[in-house]
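Undergrad: Make a model of this:
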Amino acid sequence: MSASNESFFKTVLIAVSLCLVCSVLVTSSAVILKDKQKSNALLDKKRNVLIAANLYKEGIDIEQAFASIDQQFVDLKSGQLVELENAVSYDQRKAAKNIETSHKPQKDIARIGRQANIASIYLVKGEQGIESIILPVHGKGLFSTMYGFLAIKSDKKTVIGLKFYEQGETPGLGGEVENPKWLALWQDKQLFDDKGNLALELVKGSAQNQYQIDALSGATMTTRGLQNMIDFWLGEEGFGPFLSQLQTNQLVKKAGA
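TA: Numbers count the residues shown, from 1 in each chain. Okay, the predicted model is just below:
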């Protein structure tokens, strides 16, 4: 065998060996860090829930602050609270992709495709019972599906806050859904009128009353997506049945136990 061939095979052997070593290292790192990544993801979700509920302050102990929040699960069709065997690991987004644990909405105005049968909600408990309710919401904007949390007071109609944790809208336009100044406009707005009809609307120009919020400037499609998202999740195919039952105090005792 010539020296050149021997050198070539050595080079190939070294390259293959390096690839194998790198593969082992990457795989090992992924396995080792998997639990840490899950822990960080859960912590980030708790932080976003706290932000929506206006309970987050920079530097706070998130786990300690979250202790007053009770995660529950709602059957969206019946509006009833249910118990899950896999409550700790339940992932609503994954459930929405599984045909056995999801369904297609009859009127998919939020353009979500499939909807999980069971939704996670978060109840903030105080000395007087339930103080606020945090609902997961999502819907299609212009370029992306926007995921967030909507927090409302125990009267079931007054907004505490809205927080998006994932979206891919146009920076400076639709991406302003994450702008704290715009999100602050939601606070104390009314979702339903005195007759119980969904009344919140995003309007061009300046909001004129407690049911109106300024639309995102230059982001017509994202704004429309936001309106459809709110209409869907607070309607009959979303959390409407749950809120209706909660309004009659049928669930407060169970949820606050």
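Undergrad: going forward, measure contacts and count neighbours with C-alpha atoms only.
TA: Noted.
Undergrad: And the next helix or strand past the lengthiest strand in the chain?
TA: Taking DSSP state E as the criterion, the chain has its longest strand at strand 129-140. Moving toward the C-terminus from strand 129-140, the next helix or strand (DSSP states H and E) is strand 145-153.
Undergrad: who does that following strand pair up with?
TA: Sheet pairing for strand 145-153, assigned by DSSP bridges, gives strand 129-140 (antiparallel), strand 159-166 (antiparallel).
Undergrad: So for the longest one, what gets flagged as buried?
TA: Within strand 129-140, the residues that qualify as buried are 130-140, counting by 16 or more other C-alpha atoms under 10 Å.
Undergrad: low-scoring pLDDT stretches of the chain, where are they?
TA: Under the criterion pLDDT under 70, the flagged ranges of the chain are 1-6, 8, 25-37, 247-257.
Undergrad: Not counting its neighbours along the chain, what's nearest the residue nearest the centre of it?
TA: Taking C-alpha atoms, centre = their mean, the centroid of the chain lies closest to G148, which sits 3.6 Å from it. Spatial nearest neighbour of G148, excluding adjacent residues (C-alpha to C-alpha, 6 or more residues apart in numbering): F164 at 3.9 Å.
Undergrad: Next: A53.
TA: Using C-alpha to C-alpha, 6+ apart, the closest residue to A53 is A151 (5.3 Å).
Undergrad: Who are the contact partners of the one you found?
TA: Going by C-alpha atoms under 8 Å, 6 or more residues apart in numbering, A151 touches 52-53, 132-135, 159-162.
Undergrad: Ok, M146 next?
TA: 138-140, 164, 166-168.
Undergrad: And for L173?
TA: 216-219.
Undergrad: wouldn't the residue nearest to the centre of the chain be in contact with E166 here?
TA: Yes: using C-alpha atoms under 8 Å, G148 is in contact with E166, at 7.0 Å.
Undergrad: quick one: the nearest residue to L234 once chain neighbours are set aside from Q227, how far?
TA: Of all residues not flanking L234 in the chain, G240 sits nearest, at 5.1 Å (C-alpha to C-alpha, 6+ apart). Between G240 and Q227 the computed distance is 16 Å (C-alpha to C-alpha, to the nearest Å).
Undergrad: Near I60, how many other residues are there?
TA: For I60, the neighbour count with other C-alpha atoms under 10 Å is 11.
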